[in-house]
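**Student:** need coordinates for the below:
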Amino acid sequence: MMPRIESLFQRHVHLDFHTSEHIDNIGGRFTRENFQAALRAGRLDAITVFAKCHHSWCYFPTKVGRPHPNLKIDLLGEQIAACHEMGVKAPIYITVGWSATDAAEHPEWWERCEDGSAHTCSFDVEAPPERAKPTFSWIWLCPSGAYRDHIVALTREIVGRYDVDGLFYDICAQPPCYCDRCRAGMARTGLTPADYNVHRWTDFMAQCNDVLHAVHPNATVFYNGNAGLTTAPAIEQLLTHFELEDLPTTWGGYDKFPLRAKHFMNKGKPRLAMSGKFHTSWGEFGGFKHRDALWFEAAAMVSYGASVSFGDQVHPDGEMELATYENVGHAQAYVEQIAEYGLSPDTRGYATLGLWLSGSNADDQGVANMLLEQTDFDVVGADTRLTEFETVILPGARCLDLSAAAKLAAFVDGGGKLLVLGESALDAAGERFLLDMGVEYGAPGRYDCDYTVAGELLDDDLPAAPFLNYEPAIRALLTGAEVLATLREPYFSRTYGHYCSHQNTANRREMADHPAATRKGNVVWLAHRLGRLYHDHGARVHRQLFINALGLVHQRPALTVSLPSAGRANLLHQPAARRYVAHLLYGPPLSRGRCSVIEDLVELRDVRVSVRVPQAVSAARLAPSGVNLPLTYAAEQVTVTVPSMRGHTAVVFDY
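**Tutor:** Below is the predicted model of the structure:
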């Protein structure tokens, strides 16, 4: 039985150690004193240490795996002992999907693509040894058969040898495999490749969990890669917590984490957010992010209800770089001050606007990006009590079945409001709308782009002219809806036979015979997938059209702030402490080379914060400073003004 973990460590480092056999003196400069000095400087209560790395080497006297040929000590055991002397947790790292020496000696363990070729990550299996090797280049291994038995046996050896706080298995979210074992398994079970993929992983995970919890029943366990918006529920059940691996400098930017944090906040398990101390990504020796950026990222993690983790990579000789941990400690010291305002076990998000995820990253993330720049929201779905929300957004991709459509229809019948984008309400076959929106589905768009002309209800801060959409709207016929925006189509799609100028063809002057936006009752429909458009192109006109349409249906937000568009705000509810906490963030990232970088944490003054909550707010104060703020009551809202903030502050509303 899986243990229930109510709360997780709060100030963590994930320590990488992927170390070549071509380097001598592995762990030769490790000392318990140096390791503990790093833990103290970093103000850590947990650090993930390593049993087996991507080179396939183990860092303890293993009889199951392969000890690193140039290791002379039980490095894993020494690290665990150093941690436990200080009361620091030490979950243990085991690689699964990438293991280079195993892959070189056991091609039968390789994952295979559908055509039978090796499934690799930027790895050329035919490359000569002297060719330059790309970053992040590995052969994927399949956790089945003898390789699965090897990992399970290694797990059994580790949990029998050490006092284990937890296990962290890495590279555990590959797509379907078509090796001989998996093909036979699909034939035997009759499962589709996607369903069998879930089966092979849950079977592997359940075996490892049983081995772990038979000896250490309260240990944590996480299989990395399985904190995604589309992770199968059967896999989520086999995790004690979620680790959200987001490296905002190079992995999707600073807006990726908030959506995932909101998605996992209401799943009833602790969450650990993970960034890196390095400038780019994993495996970067000598890379440093400025300590102000670490501070800001840590504040953001707590703001969205997640514990704080930073990735590091120790030198092959085992000596910890104290400069790294002084930078990490600068951030973790602030976490100590604000943890109670985001990390208590009962902390939940509170919003009256819900985003219904579609499973299409571009649509979901694009809508989230537009909302993050304007208003707070929560993530909802088929298992959410929608009566707690005023408005629900469907983000653009097809995402409804008959049951979900019926639930949303009942929500509207009960007074709820919908903002529906693009194809969200289409059935899976793309033949009809599953919601009554006053329009009937006609056909896909005719051309490669089109142009929107906003009507007077949607034209605030938009040009009084047709503006470009980089992909066309679906065509729909009016059956009772009010038209809020119209369309102009181009003269033709751009081809070698018909083209005009460098990019898109100009618009016709006449109005198209299908609308760009409609309203029927409490349902507003926008014909374009604006989330995907904004995700891919970032045009402010698309965000403004979206926000204007949202304003027609969403009029009772739980949180309103006067931050600039690059600001972020999130409202948390902590019932045990009888309070709401509005976290405010302002640290606009800049594009520098291939990275997004936090350069300046500028001061903002006189930031207004209003909340609309069911309870009567009795007092407000800033955290962590404790400065009291005067309250103003109007229109069922409570408003305060934050005199000054730099990077982050929290406003605590007691009731």
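
**Student:** list the buried residues in stretch 101-118.
**Tutor:** 102, 103, 109, 110, 111, 112, 118 (16 or more other Cβ atoms under 10 Å). Placement of C-beta: from N, CA and C, glycine included.

**Student:** touching it from outside, list them.
**Tutor:** Applying Cβ atoms under 8 Å, 6 or more residues apart in numbering, the contact partners of stretch 101-118 are 21, 55-57, 66, 97, 119, 125, 138-142, 145-147, 150, 174, 177-179, 182.

**Student:** just to revisit the earlier point, how about JSON lines for the buried residues of stretch 101-118, with pLDDT, secondary structure and distance to residue 535 added?
**Tutor:** Putting the buried residues of stretch 101-118 into JSON lines (pLDDT from 0 to 100; DSSP: H, G, I helix; E, B strand; the rest coil; distance: Cβ to Cβ, whole Å) gives the following:
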{"residue": "102", "pLDDT": "98", "secondary structure": "helix", "distance to residue 535": "38"}
{"residue": "103", "pLDDT": "98", "secondary structure": "helix", "distance to residue 535": "35"}
{"residue": "109", "pLDDT": "98", "secondary structure": "helix", "distance to residue 535": "37"}
{"residue": "110", "pLDDT": "98", "secondary structure": "strand", "distance to residue 535": "34"}
{"residue": "111", "pLDDT": "98", "secondary structure": "coil", "distance to residue 535": "29"}
{"residue": "112", "pLDDT": "98", "secondary structure": "strand", "distance to residue 535": "32"}
{"residue": "118", "pLDDT": "97", "secondary structure": "strand", "distance to residue 535": "32"}
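
**Student:** quick check, nearest of those to residue 621?
**Tutor:** residue 111 (53.9 Å; Cβ to Cβ).

**Student:** among the contacts of stretch 101-118, which lie within helices?
**Tutor:** Of the contacts of stretch 101-118, the ones assigned to helices by DSSP state H are 145, 146, 147, 150, 182.

**Student:** burial check on the closest residue to the first one other than its chain neighbours, number of neighbours?
**Tutor:** In other words, residue 145. Sequence neighbours aside, residue 181 is the residue nearest to residue 145 in space, at 4.9 Å (criterion: Cβ to Cβ, 6 or more residues apart in numbering). Here the number of neighbours of residue 181 (other Cβ atoms under 10 Å) works out to 19.

**Student:** and residue 181, what pLDDT?
**Tutor:** Per-residue pLDDT puts residue 181 at 97.

**Student:** residue 147 is in contact with that one, correct?
**Tutor:** No: applying Cβ atoms under 8 Å as the test, residue 181 and residue 147 come out as separate, 9.4 Å apart.

**Student:** quickly list the domain ranges of the protein.
**Tutor:** Per the record, the chain has its domains at 11-341, 351-553, 559-654, by automatic domain parsing.

**Student:** and the ones you listed as CSV, adding distance to residue 1?
**Tutor:** As requested, those are exported to CSV (distance: least, Cβ to Cβ, whole Å):
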stretch, distance to residue 1
domain 11-341, 8
domain 351-553, 23
domain 559-654, 26
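
**Student:** mind checking which of those domains is nearest residue 5?
**Tutor:** Using Cβ to Cβ, the domains of the chain put domain 11-341 closest to residue 5, at 4.7 Å.

**Student:** now the helices for this structure?
**Tutor:** 32-42, 75-85, 100-105, 145-161, 180-189, 193-215, 233-236, 256-265, 291-303, 322-338, 361-372, 402-413, 530-537, 540-553.

**Student:** now stretch 568-584: buried residues?
**Tutor:** Neighbour-count burial for stretch 568-584 flags 568-574, 577, 579-584 (criterion: 16+ other Cβ under 10 Å).

**Student:** and the two most separated of the buried residues of stretch 101-118?
**Tutor:** Spanning the widest gap among the buried residues of stretch 101-118 are 102 and 112, at 15.7 Å by Cβ to Cβ.
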